[in-house]
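Q: Need the 3D shape of this:
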Amino acid sequence: MTDEIRAAGVVLWRPAGAPSGPEVLLVHRPKYDDWSLPKGKLEPGEHVLLAAVREAAEETGLRAALGRRLSPVHYLVGGAPKRVDYWAATAEQTSSEFVPTREIDQVAWVPDVVAASRATPPGEAALTYERDVETVAAALAGPRRTSPLILLRHASAGDKPDWPGDDLLRPLDPKGEQEAWSLAALLRCFGLSRVVSAPAERCLATVRPYVALTGAALEVEPAFDVTGIDPGDPAPAAPGKAPTTAADLPGARAEKAAAALAAGDEPVIICAHRENLSIVLAAACAELGAAPPAGAGLRKGEFLVLHRAAGRLAAADRYHPDGR
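A: Predicted coordinates:
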């Protein structure tokens, strides 16, 4: 069986004033004399998120902040199957640093509803392929702008029974350290985010590379501590102290903190633990008026992106540094 060709791209959107309204960026390829969406093949071993952002930058001169993941597009190239993964995206800067190349010699901002319908006036840029028109239409079927709330399980930190000291101080293991650095680049694909972490060293160490990369402040949230939490009991009493009210329970404090972060509009990364991520997820989704996405709990180093729009959950997708 022929290996599948993997590629990634974006539907890059920007708001615009009247009369054109919001616009989508198209690129022209002189080799084929066609207009398409920014996209390109993954480099060997490259994560699909990194490929989408890299290709957008190389072809348009703009850094993309990824939003909702769209359905992949499948077609044949020279008899070989090809898959292109797309994301709705916004440009982080207002002006492009586009430089024409042999691969892309022109870019054009086109009204998004026009790009999605092919009702382009004669002489204007228009998407050449129906599959691209359908991808733009799919992007417009949801909100144009979303804000990510990213729930991240800390990277690999060995096993608790093997650590002789205070569990709050348990560090990442060598695999976890590599995952943390990989996560920094992957999380950056969704733009610049506020970073809120549980106080355990393994959580803090997971997001430190992202903080170093972006210059974000690292905020410690005591409510996300799992000391005294039994994984089978989402809201037990703290050790040595009986709660006086329901709000004193560790699970309840995590719920309150998660709901407050979900209610905002700014991009946020929450790094927490297996023991309380289900609590955080349920509280965040309740605040956004939705049920938690189906699926198993996050693996170490895996993250779930909740895309918010107008105080509601617009979409959710999950990623891991290993690409699965």
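
Q: residue ranges of the strands in the stretch 101-250 of the chain, please?
A: For the stretch 101-250 of the chain, the strands defined by DSSP state E, counting those that start in this stretch occupy 106-111, 147-153, 194-197, 218-220.

Q: partners of the longest one in the sheet?
A: When sheet partners are counted by DSSP bridges, strand 147-153 sits next to strand 268-272 (parallel), strand 303-309 (antiparallel).

Q: Which of those strands sits closest to residue 64?
A: Smallest distance to residue 64 across the strands paired with strand 147-153 (Cβ to Cβ): 14.6 Å, for strand 303-309. Where you see a C-beta, it was placed from the backbone N, CA and C, and this is true even at glycine.

Q: contacts for the next helix or strand after that closest one?
A: Where DSSP states H and E defines the elements, the next helix or strand beyond strand 303-309 is strand 312-319. Identification of contacts with strand 312-319 by Cβ atoms under 8 Å, 6 or more residues apart in numbering yields 47, 49, 68-69, 142-143, 146, 186, 285, 288-290, 293, 295, 298, 302-308.

Q: Recalculate using a threshold of 7 Å.
A: By Cβ atoms under 7 Å, 6 or more residues apart in numbering, the list of residues contacting strand 312-319 from outside reads 49, 68-69, 142-143, 146, 186, 285, 288-290, 293, 302-308.

Q: re the thing from before, so which of the strands of the stretch 101-250 of the chain is the most packed in?
A: The highest mean neighbour count among the strands of the stretch 101-250 of the chain, using mean count of other Cβ atoms under 10 Å, belongs to strand 147-153: a mean of 24.

Q: pLDDT of it, averaged?
A: If you average the pLDDT over strand 147-153, you get 98.

Q: quick one: it to chain centroid distance?
A: Remark: strand 147-153 is offset 7 Å from the chain centroid, using Cα atoms, centre = their mean, to the nearest Å.

Q: same question, stretch 80-99
A: Distance, centroid of stretch 80-99 to centroid of chain: 14 Å (Cα atoms, centre = their mean).

Q: repeat for stretch 310-317
A: Offset of stretch 310-317 from its chain centre (Cα atoms, centre = their mean): 12 Å.

Q: residues of that stretch that come out buried?
A: 313, 314, 315, 316 (16 or more other Cβ atoms under 10 Å).

Q: Could you dump those into JSON lines and include distance to residue 226 and pLDDT?
A: Formatted as JSON lines, these follow (distance: Cβ to Cβ, whole Å; pLDDT from 0 to 100):
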{"residue": "313", "distance to residue 226": "25", "pLDDT": "98"}
{"residue": "314", "distance to residue 226": "29", "pLDDT": "97"}
{"residue": "315", "distance to residue 226": "28", "pLDDT": "97"}
{"residue": "316", "distance to residue 226": "23", "pLDDT": "98"}
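
Q: could those be laid out in a markdown table, adding distance to residue 29?
A: Formatted as a markdown table, the buried residues of stretch 310-317 follow (distance: Cβ to Cβ, whole Å):
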| residue | distance to residue 29 |
| --- | --- |
| 313 | 36 |
| 314 | 31 |
| 315 | 29 |
| 316 | 33 |
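
Q: Looking at these, which two lie furthest apart in space?
A: 314 and 316 (8.6 Å).

Q: Tell me where the stretch 101-250 of the chain has helices.
A: Along the stretch 101-250 of the chain, the segments classed as helices by DSSP state H, counting those that start in this stretch run 112-115, 130-140, 174-188, 201-214, 250-263.

Q: Which one of the ones you listed lies nearest to residue 31?
A: Across these, residue 31 has its closest neighbour in helix 130-140 (16.6 Å, Cβ to Cβ).

Q: ok and that closest one relative to strand 106-111, angle-wise?
A: Interaxial angle, helix 130-140 versus strand 106-111 (axes from the mean of the first three to the mean of the last three Cα atoms, to 10 degrees): 50 degrees.
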